[in-house]
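Engineer: Next input, structure requested:
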Amino acid sequence: MKIVSIVGARPQFIKAAAVSRQLRAQGVREYLLHTGQHYDVQMSEVFFRELDLPEPNTCLEVGSGPHGAQTGKMLAGIEEVLLREKPDGVIVYGDTNTTLAGALAAVKLHQPVAHVEAGLRSYNRQMPEEINRIVADRCSDLLFCPTEGAAKNLGGEGFKHLVADAGLAEIDLPLSRAQVHPPVVINVGDVMFDIALKAKCRIDTDGARWTQTMARFSVEPGSYVLTTIHRAGNTDDTGRLGRIVAALTQLAESGAHVLFPVHPRTMAALEKSGLMSLLSADGLTMTEPVSYLEMIALESHAGAILTDSGGVQKEAFFFGVPCVVAREETEWAELIDLGCHVLAGAETARLVEAVTSALDRAPFRPQGRNPYGDGKACNRIAAILASWLGAEPSGKNVRPPVG
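Structural biologist: The predicted structure is shown next:
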């Protein structure tokens, strides 16, 4: 059996690394297709090295560009690979343009699609990621949800075939297309939780790595605010970006140590808008993007985190670090419902107040059932894929309409 895994952006390399390892353990032949959406060393190459992700079989080298042009190039390149390789199935991850292009290319060729991190909704259609999620879900045969809430979102949208919640009961295997016709919605847990646990274990075991990371950025555990900003809604709106910059400056001037690894999109926006000159306060350290293991080390020992990243929001929760979200909504609503994180938007005073309050909070330990599973999501995904794709369906496999 052969599966094409389609990746292109930093969060997808992280998720794919964990799933790829389990697929290969199941005896699945994986063809790794990299669109090149993220392409420099710090946003791409270092993740392949650090996470033991196999070298891609093909890299399309699409690079940056407007949404339509970028997605169109990906769609043409992915289609060519899928026609040539004729896989038994295709895996897409998350909510980027790579996700959208991969799902569209595969479904138009009638190749089964598995969407890892399905069912997330921010209910803000101004976000390109929201459109990508919705379309990818509608194209998919297997919808691997990271939480019960994500599965419920799909149920509310008319997806009928919900298999047992893996957090409550294991999936009965073999699961075949002869038994359950697509689309199939399954809460398997969050693959990012799986890999974050393993990464933290590596860091804690290797004391030198932690010491070197702290020395590199001159920070002490619990003493700094780790900041990441990259969403188009923040970087493409000069007013919003300016208010976030003002908040970072005020925090640094008030005595907080702000550590700000800067995404390439954010750096370009800061330079274009002239806001870079405002980020000169003592106590505010800007750096290029860091590797995954460095990021896990910095997240797990931060005093507070300010971010607009979905992945960083979750990792803050995994490590019990208070988090302020520079958005008006989040696809990870359970974090707000649990009272762990704060939605602060992009108003300077609100951001400063929320981060200052977060720094005064003690690290928390989540109580009750973890909404992101038990750290075995990747095992479930690989086992279900091998079972569902490996069994021949009886009769013609026709996708029933959703709703």
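Engineer: Flag every buried residue along the longest helix belonging to the chain.
Structural biologist: Counting residues, the longest helix found in the chain (DSSP state H) is helix 67-85. Under the neighbour-count criterion of 16 or more other Cβ atoms under 10 Å, helix 67-85 has 70-71, 73-75, 77-79, 81-82, 85 buried. Yep, even glycine has a C-beta here, placed from its N, CA and C like the rest.
Engineer: One more: stretch 354-373?
Structural biologist: By 16+ other Cβ under 10 Å, the buried positions in stretch 354-373 come out as 354-356, 358-359, 370-373.
Engineer: for whichever helix or strand comes after the longest helix of the chain, packing partners?
Structural biologist: Sequence-wise, the next helix or strand downstream of helix 67-85 (DSSP states H and E) is strand 89-93. For strand 89-93, the packing partners by 3 or more Cβ pairs under 8 Å, 6 or more residues apart in numbering; DSSP states H and E come out as strand 2-7, helix 10-25, helix 97-108, strand 113-116, helix 377-390.
Engineer: could you redo the last one with a cut-off of 7 Å?
Structural biologist: strand 2-7, helix 10-25, helix 97-108, strand 113-116 (3 or more Cβ pairs under 7 Å, 6 or more residues apart in numbering; DSSP states H and E).
Engineer: quick revisit: where is pLDDT lowest across the buried residues of helix 67-85?
Structural biologist: When those are compared by pLDDT, Gln70 scores lowest at 90.
Engineer: Please name the spatially closest residue to that residue (chain neighbours excluded).
Structural biologist: Asn97 (5.5 Å; Cβ to Cβ, 6 or more residues apart in numbering).
Engineer: so that neighbour sits right up against Leu75, yeah?
Structural biologist: No: with contacts counted by Cβ atoms under 7 Å, Asn97 stays clear of Leu75, the gap being 9.5 Å.
Engineer: Can you report how many residues neighbour Asp337?
Structural biologist: 11 (other Cβ atoms under 10 Å).
Engineer: got TSV for the helices and strands packed on strand 89-93, with distance to Glu157 too?
Structural biologist: Converted to TSV, the helices and strands packed on strand 89-93 look like this (distance: least, Cβ to Cβ, whole Å):
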stretch	distance to Glu157
strand 2-7	23
helix 10-25	23
helix 97-108	16
strand 113-116	14
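Engineer: Could you provide the ones you listed in CSV, with additional columns for distance to Thr58, mean neighbour count and mean pLDDT?
Structural biologist: Formatted as CSV, the helices and strands packed on strand 89-93 follow (distance: least, Cβ to Cβ, whole Å; neighbours: other Cβ atoms under 10 Å; pLDDT from 0 to 100):
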stretch, distance to Thr58, mean neighbour count, mean pLDDT
strand 2-7, 9, 26, 96
helix 10-25, 14, 23, 89
helix 97-108, 13, 25, 97
strand 113-116, 18, 27, 98
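Engineer: how many other residues sit next to Gly233?
Structural biologist: Counted with other Cβ under 10 Å, Gly233 comes out at 18.
Engineer: I'd like the next helix or strand past whichever helix or strand it is part of.
Structural biologist: Using DSSP H and E, Gly233 maps to helix 232-235. Next along the chain after helix 232-235, taking DSSP H and E as the criterion, comes helix 238-253.
Engineer: Can you list the residue ranges for helices in the stretch 301-403 of the chain?
Structural biologist: 310-318, 333-337, 348-360, 377-390 (DSSP state H, counting those that start in this stretch).
Engineer: about what we covered before: list the residues that are in contact with both of Asn97 and Leu75.
Structural biologist: Here Asn97 and Leu75 share no contacting residue, scored by Cβ atoms under 7 Å, 6 or more residues apart in numbering.
Engineer: related to what we said a few turns ago, okay, buried residues for the helix holding Gly233 please.
Structural biologist: Per 16+ other Cβ under 10 Å, helix 232-235 contains these buried residues: 233-235.
Engineer: Make TSV out of those residues and add distance to Leu385.
Structural biologist: Formatted as TSV, these follow (distance: Cβ to Cβ, whole Å):
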residue	distance to Leu385
Gly233	34
Asn234	35
Thr235	35
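Engineer: What is the nearest of the buried residues of helix 67-85 to Ala106?
Structural biologist: Leu82 (6.1 Å; Cβ to Cβ).
Engineer: Distance of the closest one relative to Gln37?
Structural biologist: Here the distance between Leu82 and Gln37 works out to 17 Å (Cβ to Cβ, to the nearest Å).
Engineer: Ok, Pro112 next?
Structural biologist: For Pro112 relative to Gln37 (Cβ to Cβ), the value is 23 Å.
Engineer: Compare these two and say which is more crowded by neighbours.
Structural biologist: Gln37 (27 against 22).
Engineer: ok, for the more buried one, nearest residue in space, not its chain neighbours?
Structural biologist: Nearest to Gln37 is Gly8, by Cβ to Cβ, 6+ apart, at 3.5 Å.
Engineer: the bottom helix or strand of the chain by mean pLDDT?
Structural biologist: Sorting the helices and strands of the chain by mean pLDDT, DSSP states H and E puts helix 46-50 at the bottom, at a mean of 69.
Engineer: ok, how many other residues are close to Glu220?
Structural biologist: Glu220: 10 neighbours (other Cβ under 10 Å).
Engineer: and it, that's in a helix?
Structural biologist: No: membership of Glu220 in a helix is not supported by DSSP: H, G, I helix; E, B strand; the rest coil, which gives coil.
Engineer: Quick one: residues contacting Val4.
Structural biologist: 31, 33, 81-82, 85, 87, 90.
Engineer: Now the residues you listed in a markdown table, please, with extra columns for distance to Leu278.
Structural biologist: Output for those, formatted as a markdown table (distance: Cβ to Cβ, whole Å):
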| residue | distance to Leu278 |
| --- | --- |
| Tyr31 | 46 |
| Leu33 | 41 |
| Val81 | 45 |
| Leu82 | 47 |
| Glu85 | 49 |
| Pro87 | 49 |
| Val90 | 45 |
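Engineer: So which of the residues you listed is the closest to Val245?
Structural biologist: Closest to Val245, out of all of the contacts of Val4 and judged by Cβ to Cβ, is Leu33, at 37.0 Å.
Engineer: Counting by contacts, list what the helix or strand containing the closest one packs against.
Structural biologist: For Leu33, the enclosing helix or strand under DSSP H and E is strand 29-34. Here strand 29-34 touches strand 2-7, helix 10-25, helix 67-85, going by 3+ Cβ pairs under 7 Å, 6+ apart.
Engineer: Brilliant, that's me finished.
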